[in-house]
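Undergrad: sharing a model prediction with you, sequence too.
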Amino acid sequence: MLDHLLYSCGIFIAGEVIALLIFPLVRKYVGGAALLKVPDIETFKGVLERLVIYVGLLSGYEIILVMFGALKLGTRLHDEGKNPVSNNYFLVGNLTSVLIAITAAVALFYFAKNNYSF
């Protein structure tokens, strides 16, 4: 049981390392911002969002994706006039974030199904 928890954490952390490499490119080429930035509350929220999606998917609650979409849409509509982030950057960033979480969950399911050990 403990080994499954360690595998789950390891795969999530690997996904976050990949996110550290992907999001600067998204920020630069889609958002038009600097390639690198100091981690801030937005960075923490992104990690938390991916963790919630990852745990939800591992727990068998695929509906977490609908909840995520509703929360993101609701917060985006609320901040529409105050937030200078473009719609393209918002969309690409969220899709990338969801893709990372789903890929991590699928990887864990794949390794568990095929009884691979790390």
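TA: Cool, got the structure.
Undergrad: please identify the buried residues of the worst-scoring helix or strand of the chain on mean pLDDT?
TA: Lowest on mean pLDDT, DSSP states H and E among the helices and strands of the chain sits helix 64-78, with a mean of 85. The neighbour-count check on helix 64-78 (16 or more other Cβ atoms under 10 Å) flags 64, 68, 72 as buried. Heads up, the C-betas are built off the backbone N, CA and C, glycines and all.
Undergrad: export the residues you listed as a markdown table, with columns for distance to L21.
TA: A markdown table is the format used below for those (distance: Cβ to Cβ, whole Å):
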| residue | distance to L21 |
| --- | --- |
| I64 | 25 |
| F68 | 22 |
| K72 | 23 |
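Undergrad: which single one of those residues is nearest to S8?
TA: I64 (15.5 Å; Cβ to Cβ).
Undergrad: residues contacting the closest one?
TA: If a contact means Cβ atoms under 8 Å, 6 or more residues apart in numbering, then I64 has 52-53, 56-57 as its contacts.
Undergrad: which stretches of this structure have low pLDDT?
TA: 1, 78-85, 116-118 (pLDDT under 70).
Undergrad: again, only this time at 50
TA: Applying pLDDT under 50 to the chain flags no residue at all.
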